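Visitor: Next comes the sequence, and after it the predicted model I'd like to discuss.
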Amino acid sequence: MGPLLLVSALLVWPLRSGAQGDQLPLAEHLDQDQNVTLRWGFDETRDEIMFELTVKTTGWVGLGFSPNGGMAGADIVIGGVSPNGSTYFTDRHAVGQSLPLVDARQSYTILSLAEADGQTIMKFQRSIQSCDGDDFAISTSPIKLIYAFGLTDEIKYHSSRRGTKEVNLLKYSPRTSSTDGSYFDFTANNFTVPPVHTYYHCRIVKLPALGSKHHVYRIEPIIQNPDLVHHMLLYYCSPSVNETLTGMCYSGQHHAFHMCMGAMATWAVGGGGFEIPEAAGISIGGDDDVSYYRLEIHYNNQEQVSGRIDDSGLRFHYTPVLRQYDASILSVGLIVDKSYFIPPNATSFKSYALCKTSLISQLLPSPVPDLNIFMVMLHTHLAGRKIRVGHFRNGAQIDFLALDEHYDFELQQALLLGKIKNVKLGDELVLECTYNTVDRTKLTELGLATTDEMCFAYIFYYPAIDINNCWSIPDIGSIDTAIGAANHSMAVSMYESMTWDADTVEKYQDALKNVNQYVFLDNRQNDHAVQMGYIPELKATPSADCRAVQGEVTPVAGSAAAHTPGITLLLWLAALRLL
Ligand SMILES: *[C@@H]1O[C@H](CO)[C@@H](O)[C@H](O)[C@H]1NC(C)=O
Ligand SMILES: *[C@@H]1O[C@H](CO)[C@@H](O)[C@H](O)[C@H]1NC(C)=O
Ligand SMILES: *[C@@H]1O[C@H](CO)[C@@H](O)[C@H](O)[C@H]1NC(C)=O
Ligand SMILES: *[C@@H]1O[C@H](CO)[C@@H](O)[C@H](O)[C@H]1NC(C)=O
Ligand SMILES: *[C@@H]1O[C@H](CO)[C@@H](O)[C@H](O)[C@H]1NC(C)=O
Ligand SMILES: *[C@@H]1O[C@H](CO)[C@@H](O)[C@H](O)[C@H]1NC(C)=O
């Protein structure tokens, strides 16, 4: 994206939908006629979920969470505005096909109730976890939502004015009713997958001529061989790239491959299609957009079978009807550098990557807009068990951008956040990947194979600015030097021959975390900025239990003590030197 587009992004900036849209970014029509609309947003770390139910009626409205889609056993709220303007709202539960009973404990808080243009708009919130036996505990599974409404405020039988819809509130993936518009595919082009365990297939492809700017709003995987295709990425090429090419990625074969490093779309095993929320779309075909993209397909040919032909790829649905903002992806993670390894025999080895957004001002003119984060895809390979992305401002952790305490390699879905999170220039993002290597006997390097490791978060945001990757790597050389190794290969032979038990694993983890980190940021022209930094302390994942008091999560200040290699680290380095 050129400066022109940046300016236009800034011009539309003041029009952003504001706190309302930021807090209720998710929406579904619950009925066919679109007379009943539910908007919602949530914050898992605060154990809060907020709803706004809009129904075309001036009578009563009701929303329920049902175990089986029926009324019996459902947790229901009913509210409305009386003809004299007074409002009513109650938390109820249904025991059968009869008027739901009012709960002894009212667990929902009404935020606003209004009538306008023949519609009733009811906004309310509750805790995600419920501590009342009469309330439904909202989980990350699909939930059967039921609704009903009356034509008057007398709450009585709703006849046919009712319905049900299954929605996964916390792991929501929107689906437009029609995707019969225009699309194009970028695929492997009937590629014969080589009989090797790991192969990264690269194709520089050219976007079909569109003549003007369009927005991509939905991206779907086309998977021909689910047993072979592990992940697919589409990257923007630098404007200097001007021809199509096919070859093996990261082999040094084609310099042009390295000129296409900014992610435009991601898919990994277990993921489905995904849609960009209404506010934004990925810009293509415009004057400031590039024409060439690099498709990368990671084939994991476990059985090393030869002769398998694959034409998997990604399908891009696009529209000439532009949305308010351009969306883009910021990739945050550990540089895939073989000198970084995870020791064997570790039950929960923590790796850290740092992104200092202050680097943006070295690549872009100010003012830099806040980045509105709406979706995150987390990525590690087979040893990954847990991934957390901490959000720091002025040295203190203010939030988690994303959290997956039960990371599953087989289910890597880009997930919409429960609310739009704003990252301001100068904020730091800290990615923590936790690995389990108890079944391994050798060092696990960062690398391309699924048996190597990675630690990445693909952060989807708007408005798009020209940044690609914000990656870091610890100053491993200083650790090697501290153990008395003349170079890294000598250090590796020391690491390979040592005993990795709980104690040495923890000390090596702390060494990697506590040394200075190199932090890089690049853009589509392959310009880059570098700065050193330290990994701040991430706070514990807040656990929502029934006794938890709702409210602010107390920010944990970045501990200054953690910024310098502590005594433990020095002792450990000294001990290693004695080996
Ligand atoms: C939805 O609203 C429209 C217009 O208000 C009305 O004609 C239609 O009958 C409604 N549909 C249902 C199922 O209530
Ligand atoms: C408004 O109407 C409701 C329902 O008919 C009634 O319960 C309430 O007392 C009325 N409020 C006022 C201020 O008249
Ligand atoms: C791949 O091969 C199939 C079957 O031979 C053919 O129908 C298809 O058009 C080919 N795709 C491409 C991109 O060449
Ligand atoms: C691509 O760019 C190179 C130099 O940047 C130029 O020599 C070459 O002719 C261009 N190729 C095409 C097809 O435009
Ligand atoms: C590393 O250092 C050792 C010991 O000084 C030396 O024998 C070896 O050649 C060095 N290796 C490299 C790759 O520089
Ligand atoms: C693995 O770690 C455990 C726990 O510290 C230790 O008892 C064991 O000796 C280690 N195993 C190996 C093979 O190093």
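Guide: Happy to help now that I have it. Ligands and ions are numbered 1, 2, ... in the order given.

Visitor: near ligand 3, which residues of this protein show up?
Guide: The chain has residues 189-190, 311 near ligand 3, with proximity defined as CB under 6 Å from any ligand atom. Bear in mind the C-beta positions are built from the backbone N, C-alpha and C, glycine included.

Visitor: Okay, helices next: where are they in the protein?
Guide: 3-12, 19-23, 360-363, 476-482, 488-497, 502-514, 567-577 (DSSP state H).

Visitor: any bit of the longest one sitting next to ligand 6?
Guide: Yes. Figure legend: helix 502-514 in contact with ligand 6 (CB under 6 Å from any ligand atom); contacting residues residue 502.

Visitor: Sort out which residues of that helix are buried, please.
Guide: For helix 502-514, a neighbour-count test (16 or more other CB atoms under 10 Å) marks 504-514 as buried.

Visitor: now it and helix 488-497, what's the angle there?
Guide: Orientation check (axes from the mean of the first three to the mean of the last three CA atoms, to 10 degrees): helix 502-514 against helix 488-497 gives 150 degrees.

Visitor: Output the contacting helices and strands for helix 502-514.
Guide: strand 349-356, helix 476-482, helix 567-577 (3 or more CB pairs under 8 Å, 6 or more residues apart in numbering; DSSP states H and E).

Visitor: Report the inter-axis angle for that helix versus strand 349-356.
Guide: 0 degrees.

Visitor: quick one: the residue lying farthest from the centre of the chain and ligand 1, what's the gap?
Guide: Here the chain reaches farthest from its C-alpha mean at residue 84, the gap being 46.1 Å by CA atoms, centre = their mean. For residue 84, the distance to ligand 1 (CB to the nearest ligand atom, to the nearest Å) stands at 24 Å.

Visitor: from now on call the first residue 266
Guide: Taking 266 as the first residue, the last one we looked at is residue 349.

Visitor: From ligand 2, how far off is that residue?
Guide: Applying CB to the nearest ligand atom, the value for residue 349 to ligand 2 is 4 Å.

Visitor: Could you check the pLDDT of the closest residue to ligand 4 within the stretch 516-665 of the chain?
Guide: Distances between the stretch 516-665 of the chain and ligand 4 by CB to the nearest ligand atom are smallest at residue 521, namely 9.7 Å. Residue 521 carries a pLDDT value of 90.

Visitor: check contacts around the nearest residue to it once chain neighbours are set aside.
Guide: Spatial nearest neighbour of residue 521, chain neighbours left out: residue 506 (5.2 Å); criterion: CB to CB, 6 or more residues apart in numbering. Shown in contact with residue 506 (CB atoms under 8 Å, 6 or more residues apart in numbering): 469, 521, 524-525, 555, 557.

Visitor: show me the residues around whichever residue of the chain sits closest to ligand 3 that make contact.
Guide: Per CB to the nearest ligand atom, residue 455 is where the chain lies closest to ligand 3, at 3.8 Å. Contact analysis of residue 455 by CB under 8 Å, 6+ apart lists 574-576.

Visitor: go again using 10 Å as the cut-off
Guide: Residues in contact with residue 455 (CB atoms under 10 Å, 6 or more residues apart in numbering) are 489, 574-576.

Visitor: before we move on, back to that, among the buried residues of helix 767-779, which one lies nearest to residue 383?
Guide: Using CB to CB, residue 778 is the member of these that lies nearest residue 383, at 58.4 Å.

Visitor: The closest one and residue 737 touch, don't they?
Guide: No. Here residue 778 does not reach residue 737: they are 11.4 Å apart, not a contact under CB atoms under 10 Å.

Visitor: What's the end-to-end length of stretch 709-725?
Guide: By CA to CA, to the nearest Å, the extent of stretch 709-725 from end to end equals 29 Å.

Visitor: close to ligand 6, is stretch 752-763?
Guide: No. Using CB under 6 Å from any ligand atom, stretch 752-763 stays clear of ligand 6, with a minimum separation of 9.1 Å.

Visitor: Close to ligand 5: what parts of the stretch 666-815 of the chain are there?
Guide: Close to ligand 5, as judged by CB under 6 Å from any ligand atom, the stretch 666-815 of the chain has residues 751-752, 754-755.

Visitor: Switch those residues over to a markdown table; also include neighbour count, distance to residue 502 and pLDDT.
Guide: What follows is those, written out as a markdown table (neighbours: other CB atoms under 10 Å; distance: CB to CB, whole Å; pLDDT from 0 to 100):
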| residue | neighbour count | distance to residue 502 | pLDDT |
| --- | --- | --- | --- |
| 751 | 9 | 40 | 94 |
| 752 | 10 | 36 | 93 |
| 754 | 10 | 35 | 93 |
| 755 | 13 | 39 | 95 |
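
Visitor: what's the most distant pair in those?
Guide: It's 751 and 754 that sit farthest apart of these, by CB to CB, at 9.0 Å.

Visitor: so what sits against both of the two?
Guide: Common contacts of residue 751 and residue 754, defined by CB under 10 Å, 6+ apart, comprise residue 745.

Visitor: Contact partners for the closest residue to residue 447 other than its chain neighbours?
Guide: Excluding the flanking residues, the one nearest residue 447 by CB to CB, 6+ apart is residue 583, at 5.7 Å. By CB under 10 Å, 6+ apart, the contact list for residue 583 reads 446-449, 472-473, 475, 479-484, 546-550.

Visitor: just the buried members of those residues?
Guide: Applying 16+ other CB under 10 Å to these, the neighbour count classes 472, 475, 479-484, 546-550 as buried.

Visitor: hmm, back to that, mutual contacts of residue 778 and residue 737, please.
Guide: Common contacts of residue 778 and residue 737 (CB under 10 Å, 6+ apart): 617, 800.

Visitor: circling back: tell me, which of the residues of the stretch 666-815 of the chain next to ligand 5 make contact with ligand 2?
Guide: For ligand 2, no contacts are drawn from those by CB under 6 Å from any ligand atom.

Visitor: Can you tell me which of those lies closest to residue 631?
Guide: Among these, and counting by CB to CB, the member closest to residue 631 is residue 752, at 41.8 Å.

Visitor: Pretty sure that closest one sits against residue 741.
Guide: No. Assessed by CB under 10 Å, residue 752 is found out of contact with residue 741, at 11.3 Å.

Visitor: quick revisit: closest to residue 413 among the residues of the chain next to ligand 3?
Guide: residue 576 (47.8 Å).

Visitor: Wait, residue 466 touches residue 515, no?
Guide: No. The pair residue 466 / residue 515 is not scored as a contact, 11.0 Å apart, by CB under 10 Å.

Visitor: Setting the sequence-adjacent residues aside, check what's closest to residue 619.
Guide: Excluding its sequence neighbours, the residue lying closest to residue 619 (CB to CB, 6+ apart) is residue 737, at 4.4 Å.

Visitor: I meant to write residue 755 there.
Guide: residue 745 is the one closest to residue 755 (CB to CB, 6+ apart), at 7.7 Å.

Visitor: what's the answer for residue 310, then?
Guide: residue 807 is the one closest to residue 310 (CB to CB, 6+ apart), at 4.7 Å.

Visitor: Neighbours of the one you found, how many?
Guide: Applying other CB atoms under 10 Å, we find 16 residues neighbouring residue 807.

Visitor: ok, it to residue 666 distance?
Guide: Distance, residue 807 to residue 666, by CB to CB, to the nearest Å: 14 Å.

Visitor: now swap in residue 399 and tell me
Guide: In this view, residue 399 and residue 666 are 34 Å apart by CB to CB.

Visitor: And for residue 712?
Guide: Distance of residue 712 to residue 666, given as CB to CB: 26 Å.

Visitor: near ligand 6, which residues of this structure?
Guide: 610, 764-767.

Visitor: Who wins on neighbours among these?
Guide: residue 765 (20 neighbours).

Visitor: picking up where we left off before, looking at the residues of the stretch 666-815 of the chain next to ligand 5, which is nearest residue 395?
Guide: Closest to residue 395, out of all of these and judged by CB to CB, is residue 754, at 56.7 Å.

Visitor: Can you name the residues that contact that closest one?
Guide: Neighbours of residue 754 in contact, by CB under 10 Å, 6+ apart: 604, 745.

Visitor: Against ligand 1, how distant is it?
Guide: Counting by CB to the nearest ligand atom - residue 754 and ligand 1 are separated by 72 Å.
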